[in-house]
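> whatever this is, show me its structure:
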Amino acid sequence: MLPLEEVHTPGHGKVADVCDFLGIEPARMIKTIIYDLKALRKTGGDELEWNGWVVALVRGDHEINEHKLLKAAQTALPNELFLHFDLATPDSIEKLTGAEVGFAGPQGLSERCELMLIDRDVTALRGAVSGANKTDYHVRNVNPKRDFPVESPDDAEHRVAVADIRNAVDGDLSPTGSGSAMHIRTAIEVGHVFKLGTKYSESTDSTFLNKEGRPKHFIMGCYGIGLNRIVAAAIEAHHDDGGIIWPVSIAPFEVLVLALDPRDQQVMKTATEMHDKLSEAGVDVLLDDRDERAGFKFKDADLIGIPLRLIVGRKSLSDGVVELSDRRTSQKTRLTPEDAVRKAIEFVREELARLGA
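From the prediction side, this is the model:
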């Protein structure tokens with residue numbers, strides 16, 4: 001419990017800058033975030049409009065969850081009807097703290113604001129760093145309870161409360177009480193489940209007979225999968241700088257036969273035969289016989305992202321081979337047309353079997 005120590009931190013108002021300047025970890029800092037509050041206060045039978053401040057404290061490595069914050073504020077101030085709840089303006093912050101943005105701290109603010117909400121993790125800090133409520137200054141050795149309150153009497157005019165007001169982070173314990181750590185991963189919503197209750201069964205008077213033979217309204221739900229979302233999610237998860245890399249299970253075509261020299265009779269004969277054999281084997285195949293430059297067609301092939309491509313060109317055919325190319329790995333193999341078709345069919349069937357498609 002060292003005494004407070006004021007430190008000159010000119011121009012360093014952001015957490016990262018202060019931490020670099022003082023050589024500390026963000027977890028040792030207290031972020032003081034101020035909100036302007038406009039509300040109606042119920043006093044007796046009257047409702048009086050008033051303006052005030054809510055001060056929120058979180059660790060420097062955590063972020064405020066404003067949904068949690070608002071719920072905690074409404075619980076702590078049950079007699080107020082919240083009209084506006086917004087981040088304070090620079091002028092408002094300076095009016096409350098006496099300092100510019102970036103230098104607010106919890107010391108002395110609980111007596112000046114309507115509510116101070118403290119995240120639970122902040123109460124465990126010892127010897128923390130916070131703003132000094134003085135422009136270009138921070139303070140070391142800030143301790144909860146000693147330097148700012150963590151609770152207030154029920155009849156106090158200025159309220160102080162401890163609550164969970166931050167975003168969850170990787171490694172936090174599960175809220176189910178299992179003791180297991182949570183692991184946060186990026187996800188994309190591709191479907192939804194809505195519980196509708198009896199709202200629509202009541203409006204349509206749709207009922208069933210329960211075991212006592214009495215009519216009851218159905219409890220309804222709706223479930224949906226967004227096909228366009230599945231496509232977007234697949235592209236988000238499977239792409240590179242060149243374009244899409246379709247998983248075989250949902251690819252619009254599984255194999256692309258690319259004829260590089262469509263004016264060459266032998267090239268077109270070989271490409272067409274390969275296309276037809278693949279199609280007869282049940283493979284979804286696309287033949288690119290456009291009269292375009294090879295580079296243009298290769299670029300389109302990357303962009304469209306068909307999993308496997310068979311490239312037929314005049315030069316390679318003179319050696320009796322075509323090129324088989326895997327879009328995902330970019331691996332290229334020179335094979336006879338017959339072997340290339342066989343390999344393509346095996347590849348598609350193995351991928352579909354592996355994916356259970």
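
> going forward, measure contacts and count neighbours with C-alpha atoms only.
Noted.

> shouldn't E94 be in contact with G102?
No. With contact defined as Cα atoms under 8 Å, E94 and G102 do not form a contacting pair (10.1 Å).

> neighbour-wise, which of those two wins?
G102 (26 against 18; other Cα atoms under 10 Å).

> what's the spacing between the closest residue to that one other than its chain neighbours and F21?
Nearest in space to G102, with sequence neighbours left out and distances taken as Cα to Cα, 6 or more residues apart in numbering, is G13 at 4.0 Å. With distances defined as Cα to Cα, to the nearest Å, the gap from G13 to F21 amounts to 11 Å.

> now do the shared contacts for these two.
Residues touching both G13 and F21 do not exist when contact is defined as Cα atoms under 8 Å, 6 or more residues apart in numbering.

> in terms of neighbours, single out the busier of the two.
Of the pair G13 and F21, G13 is the one with more neighbours under other Cα under 10 Å, namely 19 against 12.

> hmm, the more buried one is touching G105, no?
No. At 11.5 Å, G13 and G105 do not qualify as touching, with contact defined as Cα under 8 Å.

> for I250, see how far away K145 is.
For K145, the distance to I250 (Cα to Cα) stands at 59 Å.

> could you do V122 as well?
For V122 relative to I250 (Cα to Cα), the value is 48 Å.

> ok, the two, which is more surrounded?
V122 (22 against 13).

> a strand runs through that one, doesn't it?
No. Assessed by DSSP: H, G, I helix; E, B strand; the rest coil, V122 does not belong to a strand; its assignment is helix.

> which pLDDT does the model give it?
Looking at V122, its pLDDT stands at 97.

> the one 4 residues further on too?
Listed pLDDT for R126 reads 95.

> that one contacts P144, doesn't it?
Yes. The pair R126 and P144 qualifies as a contact (Cα under 8 Å) at a distance of 7.4 Å.

> residues contacting stretch 141-156, please?
Here stretch 141-156 makes contact (Cα under 8 Å, 6+ apart) with 1-5, 106-108, 110, 118, 122-130, 158-162.

> among these, the buried ones, what's the ChimeraX command?
When burial is assessed using 16 or more other Cα atoms under 10 Å, the buried subset of the contacts of stretch 141-156 is captured in ChimeraX by this command:
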select :4,106,107,110,118,122,123,125,127,128,129,130,158,159,160,161,162
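
> buried sites along stretch 18-37?
Using 16+ other Cα under 10 Å as the test for burial, stretch 18-37 gives 18-19, 26-37.

> closest to R59 among these?
Lowest distance from R59 to those (Cα to Cα) belongs to I30, with 4.8 Å.

> need the pLDDT of the closest one.
At I30 the predicted local distance difference test score is 97.

> that one pairs with what?
Using DSSP bridges, the beta-bridge partners of I30 come out as R59.

> just to check, V322 is in contact with K315?
No. With contact defined as Cα under 8 Å, V322 and K315 do not form a contacting pair (9.3 Å).

> so those two - more neighbours on which side?
Between V322 and K315, counted using other Cα under 10 Å, V322 has the larger neighbour count: 26 against 13.

> roughly how far apart are the more buried one and E114?
V322 sits 77 Å away from E114, taking Cα to Cα as the criterion.

> got the contact list for D121?
V58, R59 are the contacts of D121 under Cα under 8 Å, 6+ apart.

> make that T176, sorry
Listed by Cα under 8 Å, 6+ apart, T176 has no contact partners.

> Three-state assignment for it, please.
The three-state label for T176, taken from three-state DSSP, comes out as coil.

> repeat for the one 3 residues further on
What three-state DSSP gives for G179 is coil.

> can you get me a residue count around it?
Considering only other Cα under 10 Å, G179 is surrounded by 10 other residues.

> for it, what are its contacts?
Counting by Cα under 8 Å, 6+ apart, the residues that G179 touches are L173.

> E114 contacts W50, doesn't it?
No. The pair E114 and W50 does not pass the contact test of Cα under 8 Å, sitting 10.6 Å apart.

> all helices for the stretch 51-200 of the chain, in order.
All helices of the stretch 51-200 of the chain, identified by DSSP state H, counting those that start in this stretch, fall at 66-76, 90-97, 199-203.
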